[in-house]
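whatever this is, show me its structure:
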Amino acid sequence: MMAVAKSVLIGLCGLLGLGALAFGVMGGLSLSAAGPQPPVTVAEVSLRPFPTPGSAPVAPVVVDGGAEAAPAAVDAGTPPSAPIDAGSPVPPPPNPVNPPTPKDAGVAVAPRPPPPPPQPVGEGLLNLRASDTADVFVDGKKVGGSPIEGLKVRAGTHKVRFDCYDAAGNTVPGASKTVTVPADGEQSVEYPCPATE
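As a prediction, this is how the structure comes out:
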């Protein structure tokens, strides 16, 4: 009994195999009879990384023919990237550095003042005399009472002032006078104090 069942099962398997083979041959013949078929075109789909938990929601992408492709992440902030064409050259990025502008374009440059004349190097002597008792100041600093002979100062220009006294003993400031002392030379200044009553 078992041998009969086994032989029946083997016979059925053989029939199924022959039927599948015949179906394949017939299908191939029908395809060859229909002539050459046009090539199948597939629309290009840009791929995006698989979303992670907590990322943007995912929406399905529909390609030509209504078939649903792999889901792509929906990002409202950035437009979808265009497919990359390996045959076209990639343009260089714009230069972020501002183009150089001419230095003198619209900029008024103030002329520099001429440098001061060089001061002579060395020292000289000042002789300071007033017609009456007076305090003597050189460059704003009191140097003593008149008369002063052979006061050493650096060569160059200096301001000299004599403060005389009136009959009551009050100070009468005089006007400053500019004098130039030559290097290794001597300069004398005479000052007439105001007449006292």
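
from here on, just use CA atoms for contacts and neighbour counts.
Noted.

name the helices or strands packed onto the lengthiest strand in the chain?
Assignment by DSSP state E gives strand 156-165 as the longest strand of the chain. In terms of contacts (3 or more Cα pairs under 8 Å, 6 or more residues apart in numbering; DSSP states H and E), strand 156-165 is packed against strand 134-138, strand 171-173, strand 177-181.

so which of these gets nearest P192?
Across the helices and strands packed on strand 156-165, P192 has its closest neighbour in strand 134-138 (10.0 Å, Cα to Cα).

so for the helix or strand following the closest one, mean pLDDT?
Downstream of strand 134-138, the next assigned helix or strand under DSSP states H and E is strand 141-145. Mean pLDDT, strand 141-145: 94.

flag every buried residue along strand 141-145.
Buried residues in strand 141-145, defined by neighbour count with 16 or more other Cα atoms under 10 Å: G145.

can I get it as PDB, trimmed to CA atoms?
These are the backbone C-alpha positions of strand 141-145, laid out as PDB (Å, rounded to 0.1, in the frame of the first residue of the first chain):
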ATOM      1  CA  LYS A 141      59.200 126.400  36.300                       C
ATOM      2  CA  LYS A 142      60.600 128.800  38.800                       C
ATOM      3  CA  VAL A 143      64.400 128.900  38.600                       C
ATOM      4  CA  GLY A 144      65.200 131.700  41.100                       C
ATOM      5  CA  GLY A 145      65.300 135.400  41.600                       C
END
